[in-house]
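In: Mind folding the following:
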Amino acid sequence: MSEDVTTTNSAPTDNRTVTILQRGPKHIVAWKPPAVVCHHSGWTGSRAKLKRGEEPEIPMLQRVRDALHDIDTRSVGEQEQQLPVRKVNLIHRLDRGASGCLLLTYADDADDDKSVDSNKSSTTATLIDALQSPESIKTYVALVRGEGILRGEDFKEKGWFEVSRPIKDESGVEKDATTLFHFIAGQPESTDDNGVINRARMSIVLARPMQGRWHQIRRHLNGISHPILGDTTHGHSKTNRAWKETRNLPGERICLHLARMQIPPNDEIPEGLDVSCPLMDDMLDMLRVYAPDVLETALPKLKEEGILLDADREYEVGKYTIPEELLEVQLKNQMLNDDGKAEILLQGANFVVADKPPTVVPHHSSWTYTRSDPRRRWKEPTPMLQRVRDETGGKRVNLIHRLDRGASGALLFAFAQDNNSENSEKASCSITKALIEAMQSKDATKTYLALCDGDGMWNGADYLNKGWFTFDNPVQDENGKYIEDCRTDFQFIASKTMPLKEGDADEGRKITIVLARPHTGRYHQIRQHLSSGTLGHAILGDSSHGRSRTNRLWKKKYNLMKERVCLHLIRLQVPATDYTDDIDVSSPLPPDLKKMLRNFPDLMEQARPILAKEGIIV
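Out: Take a look at the predicted model:
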């Protein structure tokens, strides 16, 4: 294995990675986390997530495909572009809320159009038959409600026993179904002196289904009055609610884990298959905290059955991607789902600093429609002035400075009234005036972070190695008149150039992170300075001073949000006034910029040490 290939001995994380437990020429066993579907179907809810502005759900089928390509391309290094993305087929499924071993195979040309249920002779069909054979064993671990006793019969004393009950499939057709169970440990319920439950009744159960009927294990356990914790379809809603609210059961989790998979030798895997998937941390944490004695009792039997609590070796890890069109829909719906509220970063007796999101204006003006115009309600989100007023209990506020509509970051306001003062109107004007003067003083510092089109070099000048420098070119005001006194400090801190792929345009391949500190507050000052012929690094998304073709490419390829200018007021420092103490507040990077930068982790690694020196943590 190449040294460039990432490995891990821990459970899958939420950072868009997939852990591969084992793979060979014809098979892959992936570690499926809970709350992830194996493949999309009409009821998976992915569209609902997009409508809510949440990250779209990527099923295991696509995750594994992308992860394998990522691992293999990192292994071959410079030959990356020569490797095609190999399709994969599912051999079996796991319920969305379950976790554990998931078996897949590579889909060759003959398999491309075949589903999991194909009966044709192929690698996929061969492995399906092997998994369904009587010699195959799938051992699940389940956490269930109940201490393992039903009508006086103690299941824990029975060892492995059989439950045979017909099960109806999704179409209502009844089919034979048999499952082997072994209740290996359990505990009764106990209460404290006040009658409050301090120990819930639960058991650890091993399950081996002989067939693969719809919800077979879940239905059979419910049939013997020991439903799986978290099972909203066949379980006990009051019990599930108690475990979620008081015992850390994740919301979309069914405590069922395919811990070991054994398949006999066959034509596609001559040596057979025996792979274990360590128990997930969520189930282990529930046991360690709420049933430590049960876990202790179960350990010898778990070990005997080859069930792993911790990884016994390093596993391959690959990254998967979210299709750009889905991310674009997500970002649009995040805007549509804007709740009109303001996030308060810092508040004092006479001022408040709020976090302005992109595409929200600081206040209404003639071009955002009048307050009574019905078009305004859907053309423009609620402006920051109204949001901050509502968030601070209805107090009127005055803007101390402004941010462009497409920009984001810290926005300072003064309270426009003081109900405890006899001269509240006069006092509020004094506070506003004092803060404006403090903001414009040489002791005030506004530090912006900009994502720019460029690699830090322009006309032979290497701006990445210049450190902080002052730029004082004139800029045009709203009427096109040039203003001479315009000074901005810049520091170019990190850049990246994406490789040029065959058929791609040269535009849209470069990105540079720039810090900017304006000394004056001219119209679009930072934007005009960076896009000037001297610096040549227009801010991404800047439709007024940037490059339209580049912006289109970034929207298509790298999740640049519509109507977004990648300029963020990340730190605001204002000296003390007669009414306020020193103000030093930071605004975290907003979600849309984080999504863009997630495409370039090495760029952020370059930038973080320099940002940290400036008191900026990202």
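
In: tell me, how many neighbours does residue 358 end up with?
Out: 26 (other CB atoms under 10 Å). For every residue, glycine as well, the C-beta is placed using N, CA and C.

In: In contact with it, which residues?
Out: Counting by CB atoms under 8 Å, 6 or more residues apart in numbering, residue 358 makes contact with 405, 406, 407, 408, 561, 563, 564, 565, 590, 592.

In: For the last one, give me the backbone phi and psi.
Out: So the one you mean is residue 592. When read as degrees, to the nearest 10, the backbone of residue 592 gives phi -70, psi -40.

In: In this structure it contacts residue 561, no?
Out: Yes: at 4.5 Å, residue 592 counts as touching residue 561 under the criterion of CB atoms under 8 Å.

In: which SS state does residue 22 fall under?
Out: Secondary structure, DSSP: H, G, I helix; E, B strand; the rest coil: residue 22 is strand.

In: Only whichever of the contacts of residue 358 are buried, select them in ChimeraX.
Out: To isolate the buried ones among the contacts of residue 358 in ChimeraX, judged by 16 or more other CB atoms under 10 Å, type:
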select :405,406,407,408,561,564,565,590,592
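
In: Pipe the contacts of residue 358 into JSON lines and attach pLDDT per row.
Out: JSON lines is the format used below for the contacts of residue 358 (pLDDT from 0 to 100):
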{"residue": "405", "pLDDT": "92"}
{"residue": "406", "pLDDT": "94"}
{"residue": "407", "pLDDT": "96"}
{"residue": "408", "pLDDT": "96"}
{"residue": "561", "pLDDT": "88"}
{"residue": "563", "pLDDT": "88"}
{"residue": "564", "pLDDT": "94"}
{"residue": "565", "pLDDT": "96"}
{"residue": "590", "pLDDT": "92"}
{"residue": "592", "pLDDT": "90"}
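
In: Check whether residue 212 really touches residue 95, as I assumed.
Out: No: contact criterion CB under 8 Å: residue 212 and residue 95 do not qualify, at 11.6 Å.

In: Going along the chain, name the helices of the stretch 1-150 of the chain.
Out: 46-51, 60-76, 123-132 (DSSP state H, counting those that start in this stretch).

In: Counting neighbours, which bits of the second one end up buried?
Out: Judged by neighbour count (16+ other CB under 10 Å), helix 60-76 contains these buried residues: 60-75.

In: Looking at the residues you listed, which gets the smallest pLDDT?
Out: Looking at the buried residues of helix 60-76 by pLDDT, the weakest one is residue 75, with 75.

In: Tell me how far it lies from residue 85.
Out: Going from residue 75 to residue 85 by CB to CB, to the nearest Å gives 15 Å.

In: what's the answer for residue 205, then?
Out: Noted for residue 205: a distance of 40 Å to residue 85, by CB to CB.

In: Looking at these two, which is more packed in?
Out: Shown here are residue 205 and residue 85; by other CB under 10 Å, residue 205 has more neighbours (28 against 12).

In: Look up which helix or strand the more buried one falls in, please.
Out: Secondary structure from DSSP states H and E places residue 205 in strand 202-209.

In: Direction included, what does that strand pair up with?
Out: Strand 202-209 has its sheet partners listed here by DSSP bridges as strand 137-145 (antiparallel), strand 178-187 (antiparallel).

In: ok, and the closest non-adjacent residue to residue 201?
Out: residue 189 (4.1 Å; CB to CB, 6 or more residues apart in numbering).

In: Next up, the contacts around the one you found.
Out: The contact partners of residue 189, by CB under 8 Å, 6+ apart, come to 147, 197, 199, 200, 201.

In: Tabulate those residues in a markdown table, adding columns for neighbour count, distance to residue 132 and pLDDT.
Out: Output for these, formatted as a markdown table (neighbours: other CB atoms under 10 Å; distance: CB to CB, whole Å; pLDDT from 0 to 100):
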| residue | neighbour count | distance to residue 132 | pLDDT |
| --- | --- | --- | --- |
| 147 | 21 | 34 | 94 |
| 197 | 12 | 42 | 77 |
| 199 | 15 | 40 | 87 |
| 200 | 20 | 36 | 91 |
| 201 | 19 | 35 | 93 |
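
In: need the strands for the stretch 451-600 of the chain, in chain order.
Out: Using DSSP state E, counting those that start in this stretch, the strands found in the stretch 451-600 of the chain span residues 457-458, 461-462, 469-471, 475-476, 482-483, 488-497, 510-518, 567-574, 583-586.

In: Tell me the strands beside the fourth one, with direction?
Out: Strand 475-476 pairs in its sheet with strand 482-483 (antiparallel), by DSSP bridges.

In: My guess is residue 141 contacts residue 205. True?
Out: Yes: shown here, residue 141 and residue 205 form a contact pair, counting by CB under 8 Å, at 7.5 Å.

In: tell me which residues of stretch 232-247 are tucked away?
Out: The neighbour-count check on stretch 232-247 (16+ other CB under 10 Å) flags 234, 235, 236, 239, 240, 242, 243 as buried.

In: could you measure residue 461 against residue 490, distance?
Out: Distance, residue 461 to residue 490, by CB to CB: 12 Å.

In: re earlier: okay, the strands paired with strand 202-209, which one's buried deepest?
Out: Mean neighbours per residue, mean count of other CB atoms under 10 Å, is largest over the strands paired with strand 202-209 for strand 137-145, with a mean of 24.

In: That strand to helix 123-132, inter-axis angle?
Out: Orientation note: strand 137-145 sits at an angle of 60 degrees relative to helix 123-132 (axes from the mean of the first three to the mean of the last three CA atoms, to 10 degrees).

In: Give me the contacts around strand 137-145.
Out: Identification of contacts with strand 137-145 by CB under 8 Å, 6+ apart yields 100-101, 131, 200-209, 217, 221, 226-229, 235-236, 239, 255-262, 279, 283, 286-287, 302, 305-307.

In: and that strand, how far out from the chain's middle?
Out: 29 Å (CA atoms, centre = their mean, to the nearest Å).

In: Can you list the low-confidence ranges for the stretch 301-450 of the chain?
Out: The stretch 301-450 of the chain contains residues with pLDDT under 70 at 324-339, 365-380, 417-428.

In: And the helices in it, which stretches?
Out: Ranges of helices in the stretch 301-450 of the chain, per DSSP H, counting those that start in this stretch, are 324-336, 376-379, 384-391, 424-440.

In: picking up where we left off before, more neighbours, residue 212 and residue 95?
Out: Neighbours were counted for residue 212 and for residue 95 using other CB under 10 Å; residue 95 has more, 19 against 13.
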